[in-house]
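In: Dropping the sequence and predicted coords here.
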Amino acid sequence: MDVEKSSLCNCVVNFLLEENYLLSAFELLHELLDDGRHDQAIRLKEFFADPVQFPPDLISRFNTLRVADPQSLLEEKEALEEKLAIRDYESRLAQEDILKLKTELQKKSEARLDELSDAKAKNGSDVQQSRETAVSELGPLKAKERQDLNCAVKEYLLLAGYRLTAMTFYEEVSNQDLDNWQNSSASVPDALRHYYYQYLSSTTEAAEEKFSMLKKNESLVKENDKLKHERQSLLRSRDLAEAQVVTLKKSLEILQKDVKEKDKLVQDLKQSVEQRKNELTTCKAEITSLKKHTEGAQPTENMTSGEEIQLLKKEIERLNAAKSGDVQPVGSINSVEEVLDRKDEVTNICENDMLSLSTGNPSECSGSTEPQNETVQDTDGTADNNEEFPKSDDSDTKNSSKDSVVITHNGLLSPPSTPVEPDSENKGPGTIQILSDTLPKIVPYVLINHREELLPLMMCAIERHPSSNTRDSLTHTLFNLIKRPDEQQRRIIMDACVTLARNVGEMRTETELLPQCWEQISHMYEERRLLVAQSCGELAEFVRPEIRDSLILSIVQQLLEDSAIVVREAAARNLALLLPLFPNTDKYFKVEEMMFQLVCDPSGVVVETTIRELVPALLKWGNKLDHILRVLLSHMLSSIECCPPLSGVEDSVESHFHVLGERERWTVDVLLRLLLELLPVVHQISIETCPYPPLLDSVGSSFPKPLLEKYAEGHVDWPTFEWLHDDCFPSLIQIVSLLPQKEDSLRNRISSFLLAVSKRFGDDYLTHIMLPVFLVAVGDDADLACFPSTSQPKVKALRPKNAGDERIARLCVLPLLLAGVLGSPSKHEVLTEYLRNLLVQNAELEGHLAMQNVDVYNSVRFLCLFEEHHNLVFNVIWEMVVSSNMDLKVNAAKLLKMIVPYIDAKVASAHVLPALVTLGSEPNLPVLYASIDAFGTVAQNFKADVIVDKIRVQMDAFLEDGSHEAILAVIRALVVAVPHTTESLRDYIL
């Protein structure tokens, strides 16, 4: 059995070292040494003595770490003892089950050992070597195998009596539940021994076969996964191919339809060409006839010639109408000579018509025979006609010259019958077209820092180009002009967009500029998203009012979720610019929700911008201060209540507190900042809505007692003023009552708010309104004469109702009373008297519990966070030091120990050390031990030579006393200070 125990122990040692469970291995080393099993501990000794694994300098650095506080060590010890008792109980239950099966299992195991002993002796070395080879091929442990082995090792350690090692192993394996071993073939009683016997009893061939099967199974699983992945890829490829086939079919149908339509158009054009040819042939014959007729006419016969001239004019007009505008119209003819001069031109025009028609272009007929006016046919037989031919209007002489200009792709041409100078306005479309075509090609080759110089050209093209598609393309280029524009470049682009929006009007701003903004919302570069955020507030002025609170507000709302801080900050700033442009307040609650989202943003820059710019804009636009204040208090309360309780024990004081996470703590803190920023608005509205203006003070900013007494009669409503004592103060008391003691920063923020209220509303308001509310909340009596009858029940409801509520009030509300209400400069004497009652007079009463003293000391500790109250606090403590009551002296030492971490060296040297020296000279042992403990805290927190020297002198005096209890008290006090004090005091202690 010793051989078996040794083998099992070696297996466990190897497992712990291979799996890197060093804490468990270290604990097992100590337990093996305690049991005298040095042989099994040899490998562990060598491992932990290896300087490569554990360098001496690293160990020495660990030795200098801070020593745990004795109180915390005691608490951990108690927790471990409780846990060990539970583990002992579970172990006893398991041991009972094991004993029932032990005899039968042992008999079977010994029988197997006898049968296999001979075979093992013959081929032990070969089997061991082959198994090691096979095991080495298994690869890393799987999760299920690791859990089975961990459970088996834990079970072995418990059965072998290594409980400390088992506890350390249980804590070190934190990612698995070792108490819940799932039912499987590996889950058997005394599993590690079963594994050991099974390993010895198995043959080499069986083990190798099993290993090969495992490896084959793993390869098959991988191959199956690979085939599944390929199948999914093929299915996706098939779906994609089918979608492409459907798309190609639709495209083919559309192309076939277009081909049919173009074939039909070609036939129509051919018929039109044949018809025009026939008409031109007829016209040429008629012109020839007219020419002969005019040659034979006698100029002396005026009446006959005049009639013929009229007939010629009508015939020429009919010919012009027959050519359907293909020929430039001929002006009025006033004489026969003009007809004779025009006839050759008409002939040339008709010849050019024939030439044009013969090339397949029925729509072009010009007096110029230059090849530049010819058109180019498409492959389908249709002409690509890009020229423009305005018709002349005989009745409008003002525009006749402009309408008669023929625009070609090479420039402007005038008809031969009416030569005019090219007009600058007609060059406009050509120039804009050139700009629009060339700008996208030029931009990529311009240096980034000089691209803003293209903005005037780009704006001109966007503003004047007639095609919406081209304008959209240029606007897209404008927003994408620079990949990552800096602040100056964004400002230049924004100025260009604003100028463009001002020039093109509302509709084009909505349809061309805003869609570009929407496309940039999800851009990968934050500078581009920042450009969108900055554009929303500035472009809103140039769109219709109904677009401002719909599309633009949606863009801003989406930018509030952006991951970049600068984008969210810009969204908050531009939302403030956007609010005055809204046509109404229908979207108020949506905007208010966005404001609170920004106030609770994790970035301080966003919060600062929101409080400074957006909140005032929202108040001015919506004028709903009461709703904002109500939602603010509700958000703070819900943020704390959603956190888990400090303790799971029901009806305990700790279960009433909530453990705040970093996110919740930040949310409450920024909401308290917002509340402080809204206080001036509350004060101003309270002044403006005062029902008794003559009773205000001369300055008009505070509330004197006569006004409060008049208000207490309850004849008028004063909602904003009443909100403070009816809603705000009770809500703050409820919030602070949910905070644990360590949340000093939030209590400090609430105290600052209360001090700001007393400063703005005046000393009378502090005395007759604020102070009674908080006195009642801590359980003291107060005068409620200045409260109306409707408010008094609400204040009285704040009084603690049982012992638990009283302790919560001492822990949570009393610090606010001391620092936030009585901490006002005008209440210095009242604060001194109140502290004296708490620390001196109440402590002298019989039956005053020590727990109550600790709660009060915590409030005094919080008061010491404010430097202006140090002298006041130490004056009261000195009264306790020089008192003849020994309990007060002990309490003074405890209070000094609690205050020391929150003061500086100057205050400690001037106030704390003299008091402790005085207490240390007392013959009363409890006072002496309490002062020694406080000296240890001073040594732990201060390294000044003056303070250290005084501590050494005082410690020498304590040690000279010679009593065993004094020496232990000095050691306990100074051992905690060793890692934190100076070299001289450390040498003195050691």
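Out: Now that the structure is in, tell me what you want to look at. Keep in mind it's a predicted model, so treat the numbers as computed, not measured.
In: what sits against the residue most central in space within the chain?
Out: In the chain, the C-alpha nearest the mean C-alpha coordinate belongs to Ser563, at 5.9 Å (CA atoms, centre = their mean). Shown in contact with Ser563 (CB atoms under 8 Å, 6 or more residues apart in numbering): Glu526. Quick note: C-beta positions are derived from backbone N, CA and C, even for glycine.
In: Use 25 as the first number from now on
Out: Got it, the first residue is 25 from now on, which makes the last one we talked about Ser587.
In: Please, which helix or strand holds it?
Out: In this assignment (DSSP states H and E), Ser587 forms part of neither any helix nor any strand.
In: so what's it scoring on pLDDT?
Out: As predicted, Ser587 sits at a pLDDT of 91.
In: State the distance from it to Phe503.
Out: 21 Å (CB to CB, to the nearest Å).
In: do Ile793 as well
Out: Between Ile793 and Phe503 the distance, using CB to CB, works out to 57 Å.
In: Comparing these two, which shows the higher neighbour count?
Out: In this view Ile793 and Phe503 are compared by other CB atoms under 10 Å, and Ile793 has more residues nearby, 26 against 20.
In: quick one: low-confidence parts of the stretch 725-874 of the chain?
Out: Scanning the stretch 725-874 of the chain for pLDDT under 70 picks out 867-874.
In: now with 80?
Out: Residue ranges of the stretch 725-874 of the chain with pLDDT under 80: 725, 865-874.
In: Would you map the helices across it?
Out: 729-736, 743-747, 753-760, 768-785, 787-789, 795-801, 816-820, 827-832, 838-840, 852-860, 866-868, 874-887 (DSSP state H, counting those that start in this stretch).
In: Out of these, indicate the one that is most buried.
Out: Mean neighbour count (mean count of other CB atoms under 10 Å) peaks for helix 838-840 among the helices of the stretch 725-874 of the chain, with a mean of 25.
In: Now do that helix: everything it contacts.
Out: Contact with helix 838-840 is made by 756-757, 760, 771, 774-775, 778, 798, 802, 879-880, 882-883, 886-887, as judged by CB under 8 Å, 6+ apart.
In: Pick out whichever of these sits closest to Val694.
Out: The closest of the contacts of helix 838-840 to Val694 turns out to be Ile774 (CB to CB; 13.4 Å).
In: can you list contacts of stretch 507-514?
Out: The set of residues external to stretch 507-514 that reach it, using CB under 8 Å, 6+ apart, is Ile472, Glu476, Ile506, Ile517, Tyr549, Glu551, Arg552, Leu554, Leu555, Gln558.
In: ok, now with 10 Å
Out: The set of residues that contact stretch 507-514 without belonging to it, under CB atoms under 10 Å, 6 or more residues apart in numbering, is 472-473, 475-476, 503, 505-506, 515-518, 547, 549-552, 554-555, 558-559, 590, 594.
In: got the buried residues for it?
Out: When neighbours are counted by 16 or more other CB atoms under 10 Å, the buried residues of stretch 507-514 are found to be Pro509, Gln513, Arg514.
In: Please apply the same query to stretch 65-72.
Out: Of the residues in stretch 65-72, those with enough neighbours to count as buried (16+ other CB under 10 Å) are Ala65, Leu68, Phe71.
In: Helices - which of those land there?
Out: Among the buried residues of stretch 65-72, the members falling in helices are Leu68, Phe71 (criterion: DSSP state H).
In: Export the buried residues of stretch 65-72 as TSV, with columns for distance to Ala993.
Out: What follows is the buried residues of stretch 65-72, written out as TSV (distance: CB to CB, whole Å):
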residue	distance to Ala993
Ala65	39
Leu68	39
Phe71	41
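In: can I get the buried residues of stretch 65-72 in a markdown table with distance to Pro704 and pLDDT?
Out: As requested, the buried residues of stretch 65-72 are exported to a markdown table (distance: CB to CB, whole Å; pLDDT from 0 to 100):
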| residue | distance to Pro704 | pLDDT |
| --- | --- | --- |
| Ala65 | 74 | 81 |
| Leu68 | 70 | 83 |
| Phe71 | 69 | 84 |
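In: between the buried residues of stretch 65-72, which is closest to Gln865?
Out: Distances from Gln865 to these, taken as CB to CB, are shortest for Leu68 (63.3 Å).
In: Nearest spatial neighbour of that closest one, chain-adjacent residues omitted?
Out: With CB to CB, 6 or more residues apart in numbering as the measure, Leu53 is the residue that lies nearest to Leu68, at 4.1 Å, once sequence neighbours are left out.
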